[in-house]
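J.: Prediction below, plus the sequence it came from.
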Amino acid sequence: MIDSKQPYNEHPSQLIGDSPELTRVVWASRITASSDVTVLIQGESGSGKELFARAIHNDSQRKKQPMVTVNCAVIPENLAESMLFGHLKGSFTSAIADQQGYVQSADKGTLFLDEVGELSLPVQAKLLRFLESSECEKIGSTVTEKVDVRVIAATNRNLREEIKKGSFREDLFYRLHVVPLEIPPLRERISDLKALLEHFTHTLAQQYQVVAPNYSKAAIKALKEYHWPGNVRELRNLCERMTILLAGQTVDVDNLPVEIKTARQGGKNTLVSLPENGLSLEKLEIELIQQALEKTSGNRTRAARLLGLTRDTLLYRLKKYSLT
């Protein structure tokens, strides 16, 4: 049970947890922060990509300079170049004044391009040129500007698959993919759930000026058994709901959302139904291994985690089935 009476200290970076899966990424991000190398953060929605980007900026020599965050998914395609690189008055119909772009606003600091996979191909070409030269031009200008910016990009898409589809430039991918960071989803670091639960519960209770609710052991067990498709963001939303509705009370299984209770009740369901005419275990195992490798873009360590295997065991089975 989480005891709301225990003293609680806000975690400065909000990178909460000590699981091996999280610790490896935190260690890599801290080393990366010491240089200006371009970083590509990959992970599911809600897994904490922006928190890692901010942690890298705050640990860098640019921490006193601005960190400009751009959500590429919400930029209108026809305005993307202007918003990124700026424009001069009169360069197009609605350009009623000179405007600097996000790139210039981040000069001497960090530019965080969230959901970079959503940019159109023409804008990707402009971004590639900037990454290669640190130079850009405002729309309507013939003057080239030199801008000192450290770029961190993030995506929840499999960019290698997007390259195959022709929707993402391969040269831009490799320019961004200098230091890749893979953020594990919450279900792969479920041992961190209790620490995250405590952090969000107490922080939100302070925000709303209420007594933090407690969580029973049964509730925590149910939360750990849930798949968390929305990752840490989904957990935070749950904590906010419980903090508002059950302030000062004990949260038990019956108080949890129906999707969590349903998942727990269905925990004994079989993952695979055996056909009447049987199946080949070898073919099934090969197919699952191939699916895991595809989902992780060939990353064998992550594929092994998805399959509940050690990396050495996966390597043995790859060799056994001639999948190397």
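T.: Sure thing, it's come through. Residues are numbered from 1 along each chain as shown.

J.: Show me the domain layout of the protein.
T.: 20-182, 190-268, 281-320 (automatic domain parsing).

J.: List the buried residues of the shortest one.
T.: So that's domain 281-320. Judged by neighbour count (16 or more other Cβ atoms under 10 Å), domain 281-320 contains these buried residues: 286, 289, 292-293, 296, 299-300, 302-307, 309, 314, 317-318. The way it works is simple: take the backbone N, C-alpha and C, and place the C-beta from them, glycine included.

J.: Keep only those of those residues that are in helices.
T.: 286, 289, 292-293, 300, 302-307, 314, 317-318 (DSSP state H).

J.: list the contacts for Leu288?
T.: Leu307 (Cβ atoms under 8 Å, 6 or more residues apart in numbering).

J.: What is the nearest of the ones in helices among the buried residues of domain 281-320 to Val143?
T.: Nearest to Val143 out of those is Arg302 (Cβ to Cβ; 45.5 Å).

J.: who are the neighbours in contact with the nearest residue in space to the closest one that is not next to it in sequence?
T.: Nearest residue to Arg302, sequence neighbours excluded (Cβ to Cβ, 6 or more residues apart in numbering): Thr296, at 4.1 Å. Applying Cβ under 8 Å, 6+ apart to Thr296 gives the contacts Arg302, Ala303, Leu306.

J.: would you turn those into TSV with pLDDT and distance to Leu323?
T.: Shown next, in TSV, are the contacts of Thr296 (pLDDT from 0 to 100; distance: Cβ to Cβ, whole Å):
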residue	pLDDT	distance to Leu323
Arg302	86	16
Ala303	86	11
Leu306	85	15
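
J.: Sketch out the helices for the chain, chain order is fine.
T.: With DSSP H as the criterion, the chain has helices spanning 20-33, 49-58, 80-85, 102-105, 121-133, 159-165, 170-176, 193-208, 217-225, 231-245, 258-265, 281-295, 300-307, 311-320.

J.: The ones you listed: which one's closest to Met67?
T.: Closest to Met67 of these is helix 49-58 (Cβ to Cβ; 4.5 Å).
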